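Colleague: Here's my sequence, what's the structure:
(chains A, B and C)
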Amino acid sequence: MAHDSLYAAPPSAADTEREAGRLAGLRGALGSWDAAIVAALVVAVVLAGLSVPNFATGRNAQFLLLDLVPLALLALPMTLIVITGEIDLSVASMVGLGSTLMGQLWLSSGLSLELICVLVVLLGAAFGAVNGLFVTGFGLPSLAVTIGTLALYRGLSFVVLGDQAVADFPASWTAAAVQTIPGTSIPAAVVPVLLLALVFGVVLHATPAGRALYAMGNNDEAATFAGVSVARTKFWLFVVSGAVCGLAGVFWTLRYASARGDNATGLELTVVTAVLLGGVSIFGGRGGLLGVVAGVLLLGVLRNALQLADVDANALTIVTGTLLIVSVVLPNAVADVRARLHRRRQRAHLTAS
Amino acid sequence: MSPGAPGADSAPLLELDGVTKSFGAVAALRGVHLALHPGEAHALVGENGAGKSTLVKTLAGAHAPDAGRMTLDGRPLQLRGPADARAAGIAVIYQEPTLFPDLSVAENIFMGRQPLRGLRRIDTRAMNRDAERLFERLGVRIDPARPARGLSIADQQLVEIAKALSFDARILVMDEPTAALSGVEVERLFGVARSLCERGAAVLFISHRFDEVFDLCQRITVLRDGAWVSSDRAADLTVDEVVRRMVGREVSSLYPKQDAPLRDTLLEVRGLSRAGVFSDVSFSVRGGEIVALAGLVGAGRSEVARAVFGVDRYDAGEVRVAGRALPPGNPGRAIAAGMALVPEDRRQQGLVMELSVERNATLARRRALSRLGLLLGGAERAEARRWTRRLQVKASRLAAPVATLSGGNQQKVVLAKWLATEPRILIIDEPTRGIDVGTKAEVHRLLSELAGEGLAILMISSELPEVLGMADRVLVMHEGRVVRELPRAEADETSVMYAATGQGAIS
Amino acid sequence: MSLTDTGAPAQAAENPPPGPGRRRGLTERLLAVRELSLLLALGALILVTTLRNDRFLSGQSIKDLLLGCAILVILAVGQTLVIVTRNVDLSVGSILGLVAFATGELFLAAPGTPWPVALLLGVALGAVCGVVNGGLIAVAKVPALVITLGTLYAFRGIDYYWAAGRQINAADMPRSFLRLGNQTVLGVPALFLVALIVVAAVGFYLRSYRSGRELYAIGSEPAAARLSGIPVGRRVFAVFVANGALAGLAGVLYAARFGTLDAAAGTGLELQVVAAAVVGGVAIFGGSAYGAALGAVLLTTIGSSLAVLRIDPFWQQAVVGALILAAIGLDRLLALRMAARLRGRSAHGA
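Modeller: Here you go, the predicted model:
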């Protein structure tokens, strides 16, 4: 699946030939992006373990993984959406809105917490459906739509709870959110995340629907001609994204035992970074779930290690930003250099003959 | 430079020598020679895929040649981009118009060269006036202040021509400019081209219509498979001779449609209409039959095919497959009912370029190939291998991106993709566009074979010999309507062309 | 909201084309309609708010409003340049924050610096950030969205790293500089006058200069722009530098206006900027600097109105989001209608 995990220049019909050459050069240069990112992850873990005190402890591993749960959850549907060539920037706002709705319902509705959790996931799906409707029903660019709903849902989450926080959730629930698997320091919350990742992975890589996602991301017209219902598929992806955000909102609320309007603010940027770092092309059509999972972990390990090394948490955004830029600039720069070398060789060959 | 002279013996204005250009593994131009003389209209002919458009893009500065020399007025010319070509006085009218839909018509014409007034500001009034003058010269009425969005193809083409005129270009390159124009508009365009020639400019004219080539041009260059074949005075050539050079062998051997026994009606289209595109289209295709949909570009043939298949919606009418109505606007259902559409634009509509050969070949079959909802690589590979073998696709690996294949092999992959669905009805749009001569014959043999197996085939083709050689019946479309239905015995070049140009039933 | 009034453009399209020379393009007319409806929306909003509380239209209140929107107007106009070429710059909030803090640092390090020098240095620093954006976009050939998302993080991170938790106060800055932020000229805040100059200059440039029109051409059809010999890469690069410089200008003005600076200045501002441009009609038909500026004024006014109308201020962001959705939905509708009309005209005209 090497061809699924690399970057190329913007696809325009006229440039496809050149791109093919570009891609071929790239594959030779980097091997598979998946392999590169996994290798980078291993190197980062080993280096951090050797040089950063307290990194290689069970307690740190627990917190590292717990912190990554929402990011990993959101990255799953985001991967699929970006592969179809769309984007959902409203995910963090949906997490926030899910969280405050959960708080408000707990505060005033008298419903059981189980029912509230289910409701929040369903409401998340409804928020996602609004995104999907605007994108597929009205044919608007997902970037613009989800920037709009990013503001809308974040605004609504402040409307729901104002600047107060709901924190009196039952201790048994909040403890369950951070509980570890007995005998290990791995949080139990990792298990459902892994199961979900497995489901998304299978759907993406081993079902007809997954094939359709890649096809429409590369060329939605050709996908339509092959009988793919592009609009319907994208609509449901946005719905799924919303539902997963609802789930992440529930986890976030319990994990920090606090429902607040500003929960998960700015997380959408980290999610997009993780997905792109994982080798998914922003143009759609290329990337895989393994790379994204590795990208999420790499991002988490780097941030955690630097935090332990006493780097200011806010300054860590330099790392996120730089990683994002490197992950898109590097493959193209390498491909460019190789293509240039190739052309030069070809020219030399032609003049020699 | 003597105005009006045939220019045959004058020094060439622009000369290309040994120009070579390849894309990846595909050589698009191999050592092409071309000499354009002042005051002369020069035709460039060749089959689709012969390298004409690449040559045009090279002249326009959009492609840099890998090797070879270009000289202008005897001095070496190096084009680093379209701006250089423009500065050298080369104006290009592309096959597909390249307008800015959101800008006004006048701005489209004068982009980058708008008339200025004080403070180097753009003088909009002068610009609109100049545009109006250009349109007057062309004898058309287009509002220079309206946006280009929504212009008909013919009007867009006229704007492109006005743009080229506005340059006072010394070299005018026209890449199939007449495809979408009516007879009157073509005459007008030729008038402009001739007047440019009289002023000492050189014209390079690319067309598939031989009557136009011989009408306008004094010299004809033939390209085949990216290589230069010949350059001769038009007066020394005949249509048959040019065709022979383009094809490289006798034409008659190309179209081997065998008679097949006709079976039941499989596809029936009744009163199909889509506002502004086509109206009241009715026809039927029986098993074992090849029906050709002929007509000029823009007559609505591809649009009918898209609507029948469900890619586009239609306003009225119905489509029946083997007697059962097909729901509109759903290609998935059409595929399930046994219909397949090999679209006109292979790159854009037929293939997902960056996906592998096997993924492409099995894309339309992905549901049928899955087991318990899972689709694993093995099933796809086996299926893809079966069909790529049958069609003799030459690919290094089935896992290679389809973009790395040559045009002809890409075409075969598209065919494989649709034949793999084992359709009862095959709609094929321009079956041999952009592929080499050998593959052409193979495709024709295959179509004939499939008809023999009982498939109903609806073929859209702009190449008359193909239509006449392959079709059992010819439906001719003009401006969105089926104007003529000709059985094989009555179909010939004249009858089809007359109907296609809307000149009714004269023969 | 009168934003949804779509009757006017339809009528405009039905009018018989006026005589040559004096007529304006349909696109231009549609844009004028957009700007007009924004003005109407603004007027209605102010009217409703004033009816509820007549102090809303008092001199001081208007002054506050103009002061409040000046920085957003400058950023929205800069963003217009970028969006017109089919790109987006999400890093403007971070550039503003970085430049604002740098300005404070400059006065800490060299208290005697005259304010025009600080202004020029701030603009230059912003332009340098723009060079980074533009350069990376040229090298990577990926959408500006991704690159500027990255630099949004990176510039902000540099800001935090530099500030290391410190805060700069008004007392650290010279009075002449702070006066720039609050001074009025004939009753109009100087800041707003600066914004007006920026709007006029950019608007004039986009409408009347060849390179300005080329920006629209690039956004309208990038492939055609390349074939027409427009230096697409160079223009896009320049646009990012210009936008960076304007964000730098906004950063200096921010420092002058608020006086108190930490590394978080301007966080999240990029959303409002994009919203202003989108509401101003820049996403479609190209759009104009005037529309974006009006969008920025409208957004700021909504914020103040909510407070006056005693609507929970937490609604403000939700309203911004709803406004973005309404604006792009409306644009879509208008585009479809216009396309239908133009098709009709072409069929008759040719």
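
Colleague: Checking my notes, B:T98 in a strand, right?
Modeller: No. The assignment for B:T98 by DSSP: H, G, I helix; E, B strand; the rest coil gives coil, which leaves it out of any strand.

Colleague: what about the longest helix in chain C?
Modeller: Among all segments of chain C classified by DSSP state H, the helix with the greatest residue count is helix C:315-349.

Colleague: Show me what that helix packs onto, helices and strands only.
Modeller: Other helices and strands packing on helix C:315-349, by 3 or more CB pairs under 8 Å, 6 or more residues apart in numbering or on different chains; DSSP states H and E, are helix A:142-161, helix C:7-14, helix C:26-52, helix C:269-279, helix C:289-308. Quick note: C-beta positions are derived from backbone N, CA and C, even for glycine.

Colleague: hey, least reliable of these by pLDDT?
Modeller: If the helices and strands packed on helix C:315-349 are sorted by mean pLDDT, helix C:7-14 sits at the bottom with a mean of 32.

Colleague: what about the helix or strand where B:M174 lies and chain A, touching?
Modeller: In this assignment (DSSP states H and E), B:M174 forms part of strand B:171-175. No. No part of strand B:171-175 sits close enough to chain A to count as contact by CB under 8 Å from any CB of the partner chain; the gap is at least 13.8 Å.

Colleague: Against which helices or strands is that strand packed?
Modeller: Under the contact criterion of 3+ CB pairs under 8 Å, 6+ apart, strand B:171-175 touches helix B:52-59, strand B:90-93, helix B:183-198, strand B:202-206.

Colleague: For A:V240, which of these is the nearest?
Modeller: Each of the helices and strands packed on strand B:171-175 was scored for nearness to A:V240 using CB to CB, and the closest is helix B:52-59 (43.2 Å).

Colleague: And the pLDDT for C:A70?
Modeller: Value listed for C:A70 in the pLDDT field: 94.

Colleague: ok so, going back, among the helices and strands packed on strand B:171-175, where is the model least confident on average?
Modeller: Out of these, the stretch the model trusts least by mean pLDDT is helix B:183-198, with a mean of 82.

Colleague: Which strands or helices does that one pack on?
Modeller: strand B:41-45, helix B:124-138, helix B:153-166, strand B:171-175, strand B:202-206, helix B:210-216.

Colleague: try 7 Å
Modeller: If contacts are counted by 3 or more CB pairs under 7 Å, 6 or more residues apart in numbering or on different chains; DSSP states H and E, helix B:183-198 sits against helix B:153-166, strand B:202-206, helix B:210-216.

Colleague: Select, out of these, the one closest to chain C.
Modeller: Chain C lies closest to helix B:153-166 among the helices and strands packed on helix B:183-198, at 4.9 Å (CB to the nearest CB).

Colleague: now for the closest one, which elements pack on it?
Modeller: With contacts defined as 3+ CB pairs under 7 Å, 6+ apart, the secondary structure elements packing on helix B:153-166 are strand B:90-93, helix B:105-110, helix B:124-138, helix B:183-198.

Colleague: what angle do it and strand B:171-175 make?
Modeller: Direction vectors for helix B:153-166 and strand B:171-175, defined by axes from the mean of the first three to the mean of the last three CA atoms, to 10 degrees, enclose an angle of 170 degrees.

Colleague: what mean pLDDT does helix B:153-166 have?
Modeller: Helix B:153-166 comes out with an average pLDDT of 83.

Colleague: Off-centre distance for that helix?
Modeller: Relative to its parent chain, helix B:153-166 has a centroid offset of 19 Å by CA atoms, centre = their mean, to the nearest Å.

Colleague: Buried residues, it. List them.
Modeller: When neighbours are counted by 16 or more other CB atoms under 10 Å in any protein chain shown, the buried residues of helix B:153-166 are found to be B:153-166.

Colleague: Run a quick neighbour tally on A:A35.
Modeller: 16 (other CB atoms under 10 Å in any protein chain shown).

Colleague: Which neighbouring elements make contact with the helix or strand encompassing it?
Modeller: Element membership of A:A35, judged by DSSP H and E, is helix A:33-51. In terms of contact count using 3+ CB pairs under 7 Å, 6+ apart, helix A:33-51 is assigned the packing partners helix A:289-308.

Colleague: give me that answer again for 10 Å
Modeller: With contacts defined as 3 or more CB pairs under 10 Å, 6 or more residues apart in numbering or on different chains; DSSP states H and E, the secondary structure elements packing on helix A:33-51 are helix A:16-30, helix A:267-277, helix A:289-308, helix A:317-352.

Colleague: export the ones you listed to a markdown table and tack on distance to C:I71?
Modeller: A markdown table is the format used below for the helices and strands packed on helix A:33-51 (distance: least, CB to CB, whole Å):
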| stretch | distance to C:I71 |
| --- | --- |
| helix A:16-30 | 42 |
| helix A:267-277 | 23 |
| helix A:289-308 | 32 |
| helix A:317-352 | 22 |
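
Colleague: still on that earlier bit, can you tell me which of the helices and strands packed on helix B:153-166 is nearest to C:S94?
Modeller: For C:S94, the closest of the helices and strands packed on helix B:153-166 is helix B:105-110, at 35.6 Å, according to CB to CB.

Colleague: what's the angle from the longest helix of chain C to helix A:142-161?
Modeller: Computed with the same axes, to 10 degrees, the direction of helix C:315-349 lies at 150 degrees from that of helix A:142-161.

Colleague: Buried residues, helix C:315-349. List them.
Modeller: Along helix C:315-349, these residues count as buried under the neighbour rule (16+ other CB under 10 Å): C:315-325, C:327-332, C:334-335, C:338, C:341-342, C:345-346, C:349.

Colleague: just stretch A:95-108 next, same as before
Modeller: Residues A:V95, A:G96, A:L97, A:G98, A:S99, A:T100, A:L101, A:M102, A:G103, A:Q104, A:L105, A:W106 are the ones in stretch A:95-108 that count as buried (16+ other CB under 10 Å).

Colleague: which helices and strands sit right next to the strand or helix carrying the fifth one?
Modeller: Using DSSP H and E, A:S99 sits within helix A:91-108. With contacts defined as 3+ CB pairs under 10 Å, 6+ apart, helix A:91-108 has these neighbours: helix A:58-83, helix A:113-132, helix A:142-161, helix A:230-255, helix A:267-277.

Colleague: go again using 6 Å as the cut-off
Modeller: In terms of contact count using 3 or more CB pairs under 6 Å, 6 or more residues apart in numbering or on different chains; DSSP states H and E, helix A:91-108 is assigned the packing partners helix A:113-132, helix A:142-161, helix A:230-255, helix A:267-277.

Colleague: Please verify my assumption that B:A35 contacts B:L14.
Modeller: No. Using CB atoms under 6 Å, B:A35 makes no contact with B:L14, being 7.6 Å away.

Colleague: Who has more neighbours out of those two?
Modeller: More neighbours sit around B:L14 than around the other of B:A35 and B:L14, counting by other CB under 10 Å; the figures are 24 against 18.

Colleague: any low-confidence regions in the stretch 151-300 of chain A?
Modeller: For the stretch 151-300 of chain A, not a single residue meets the criterion pLDDT under 70.

Colleague: in its sheet, what does the strand or helix carrying B:D280 sit against?
Modeller: Assessed by DSSP H and E, B:D280 sits inside strand B:278-286. According to DSSP bridges, the neighbouring strands of strand B:278-286, each with its direction, are strand B:265-274 (antiparallel).

Colleague: before we move on, back to that, for the helices and strands packed on strand B:171-175, could you give me CSV that also reports mean neighbour count and distance to B:K257?
Modeller: Compiled in CSV, the helices and strands packed on strand B:171-175 are given as follows (neighbours: other CB atoms under 10 Å in any protein chain shown; distance: least, CB to CB, whole Å):
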stretch, mean neighbour count, distance to B:K257
helix B:52-59, 24, 28
strand B:90-93, 24, 36
helix B:183-198, 17, 31
strand B:202-206, 25, 29
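
Colleague: Among those, which comes closest to B:T362?
Modeller: helix B:52-59 (31.0 Å).

Colleague: How about chain B: which residue is closest to chain C?
Modeller: Residue nearest to chain C within chain B (CB to the nearest CB): B:G150, separated by 2.6 Å.

Colleague: Determine the three-state secondary structure at A:R286.
Modeller: Per three-state DSSP, the local secondary structure of A:R286 is coil.
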